[in-house]
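# mind looking at a prediction? Sequence and model below.
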Amino acid sequence: MDRVIIFDTTLRDGEQSPGFSMNTMEKLEMARQLARLNVDVIEAGFPISSEEDFEATREVARQVGTLEGAPAICGLSRVGLGDIDRCWEAVKYARRPRIHTFVATSDIHLKYKLRKSRAEVLKAAVEAVRHARGYCEDVEFSPEDASRTDFDYMCDVLSAVIDAGARTINIPDTVGYAIPREWGERIARIRDTVRGVEGVVLSVHCHNDLGQAVANSLTAVMSGARQIECTVNGIGERAGNASLEEIVMALHTRRDFFGADTRVRTEEIFKSSRLLSHITGIHVQPNKAVVGENAFAHEAGIHQDGVLKEKLTYEIMRPEDIGRPSNKLVLGKHSGRHALAARLHDLGFDLAGGDLDRAFRTFKDLADRKKEVFDEDLISIVTDEATQGQETYTLEYLHCISGTGVVPSATVKLRRDDQIFQDSGVGDGPVDAVLAAIEAITGMKGRLLDYALRSATSGKDAIGEVSMKIDFDGTVVSGRGSSTDVIEASARAYLSALNRAVQQSAPRMKEVGP
């Protein structure tokens, strides 16, 4: 059976989408999970775009790319030689470094963006690939906006960069313009036309502007592509990228049809999706294929009757196939560390030492508040702990007064190092009052750009997960917090964002890639 290479660009193209930016610590946490997911390639960033992106890509290469059996660690680069130099400086620490260089080839981009001739772009592409091959053997090339590029010219460029040493040729549908049959025919024609293509990996990178990204990617596999570039939860520029979980499970579930599969550990899919949602604060819609809340839910009576008799009647995948918890109730307030560690292990989290101690303290605190602790609660506890950055301020105490006809007020105590600070605030509501009190203590005034609240589980005592986006004097950061008390969760989310703002480096420059 043929193997399809999964090239994950969650940390590069995915985070370019508004609201999905990740700092170095968050990229590292997600990269570790992608390694557990067993993707083949992690595109960790665009090193030339900013100092922070360079640092994040370098740390992923150092800390994840050096592990035994680690994925290849890739950096994106334009065809400028300085871009390629910077990319190599970031990825060179990995066991398997890859340089991915690209240039636009459509006449639209050449005329309006690059303002260069076809000959100039072809020459730059060849020079870039040759320069990159001076650093490493694993070089990938993409003709940006390939779906709108003149076919004969694109084939000339591809043949030339293959001669120059490119090992992977990636065909991007950069603006999501392609339709499956048309896209499949283009990939097949490339295989038949491009000189030397039989000696390289043919790849596709599909965007979802017309909702065809997954369909186009799978059609490309049927036409001979053997690498798919995709992201967890389908995040990415504009309407997003091809969704990793949908591609992997389609190939896995329909191996009989495609005759191909991946190396991905499918039981890590749900955990990867949930971790990304927690890091970014943006959750997938309930009806999202594979990982949505309703993906394995049945409400219609006929469906329920069929599933109760035999799950195969209406389920083509099992929740366990993607690592989704099927046993909801797991632990209570009388449970010990060993029981917690065992259940976390079942959920894919191997904690020990200080990490387990912190999770256990949070779990016991939660168990004292709730009658039932669910798997989703435990996942929320662990991912919340894992994605918190360096804490300049921590919440020690919170008291709110609010109600009809009452001016909402709050008193907050924060710890910074060994000092305790206390102040009060008033606002339009209890959350506003809490944020005012925190601002009074820290002297940092933030403007709330976005606020989202969701429950991790059902029930009136469910954990509330709050996500915020805050503008601190031009520095926009996100924060997350969870608690059975939504006011406390809001305070923790705001502090999470504030602590990030304290540590934040200079604003990043972002540039669109393939």
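Yep, that arrived. Numbers count the residues shown, from 1 in each chain.

# how about I401, secondary structure?
The three-state assignment at I401 reads strand, by DSSP: H, G, I helix; E, B strand; the rest coil.

# next, count neighbours for it.
13 (other CB atoms under 10 Å). Backbone N, C-alpha and C define where each C-beta goes, glycine included.

# can you tell me which residues contact it?
Contacts for I401 (CB atoms under 8 Å, 6 or more residues apart in numbering) come out as 408-410.

# do P514 as well
When contacts are counted by CB under 8 Å, 6+ apart, P514 touches 13, 76, 102, 142, 144, 170, 172, 174, 205, 229.

# need phi/psi at the fifth one.
Backbone geometry at E144, expressed as degrees, to the nearest 10, gives phi -60, psi 140.

# which residue, neighbours along the chain excluded, lies closest to it?
In this structure, E144 finds its nearest non-sequential neighbour in A104, 4.1 Å apart by CB to CB, 6 or more residues apart in numbering.

# pretty sure the one you found contacts L114?
Yes - the criterion here is CB atoms under 8 Å, and A104 meets it with L114 at 5.9 Å.

# common neighbours of those two, please.
Joint contacts of A104 and L114 (CB under 8 Å, 6+ apart) are V121.

# which of the two has more neighbours?
The neighbour comparison of A104 against L114 (other CB under 10 Å) goes to A104, with 26 against 16.

# who touches that one in this structure?
For A104, counting by CB under 8 Å, 6+ apart, the contacting residues are 110, 113-114, 121, 143-145.

# distance of it from G281?
Counting by CB to CB, to the nearest Å, the gap from A104 to G281 is 32 Å.

# same question, R186
On the measure of CB to CB, R186 and G281 end up 37 Å apart.

# quick one: mean pLDDT for stretch 392-404?
Averaging pLDDT along stretch 392-404 gives 93.

# same check, this time on stretch 84-92
98.

# for the remainder of this discussion, apply numbering that starts at 642.
Okay, residue one is now 642; in that scheme the one you just asked about reads as stretch 725-733.

# what residues sit buried inside it?
Using 16 or more other CB atoms under 10 Å as the test for burial, stretch 725-733 gives 725, 727-733.

# what is the nearest of those residues to V1118?
Closest approach between the buried residues of stretch 725-733 and V1118, by CB to CB: A731, at 23.0 Å.

# what's the separation between that closest one and A773?
On the measure of CB to CB, A731 and A773 end up 13 Å apart.

# point out where the protein drops to low pLDDT.
Within the chain, the segments meeting pLDDT under 70 span 642, 940-942, 944-945, 948-949, 967-975, 1012-1013, 1025-1031, 1098-1099, 1145-1154.

# which stretches in the stretch 1042-1155 of the chain count as strands?
Using DSSP state E, counting those that start in this stretch, the strands of the stretch 1042-1155 of the chain run over 1047-1057, 1060-1067, 1088-1096, 1105-1113, 1116-1124.

# turn these into TSV, columns for mean neighbour count and distance to I820.
Below are the strands of the stretch 1042-1155 of the chain laid out as TSV (neighbours: other CB atoms under 10 Å; distance: least, CB to CB, whole Å):
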stretch	mean neighbour count	distance to I820
strand 1047-1057	17	54
strand 1060-1067	14	55
strand 1088-1096	14	34
strand 1105-1113	22	35
strand 1116-1124	23	35
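
# how about the backbone phi and psi for the residue of the chain most remote from its centre?
What lies farthest from the middle of the chain is G1046; by CA atoms, centre = their mean that is 43.9 Å. When read as degrees, to the nearest 10, the backbone of G1046 gives phi 80, psi 10.

# also A765?
According to degrees, to the nearest 10, A765 has phi -60, psi -40.

# residue contacts, the nearest residue to it once chain neighbours are set aside?
Nearest non-adjacent residue to A765, counting by CB to CB, 6+ apart: V720, 4.5 Å away. Contacts for V720 were tallied using CB under 8 Å, 6+ apart; they are 742-744, 765-766, 768-769.

# sounds good, over and out.
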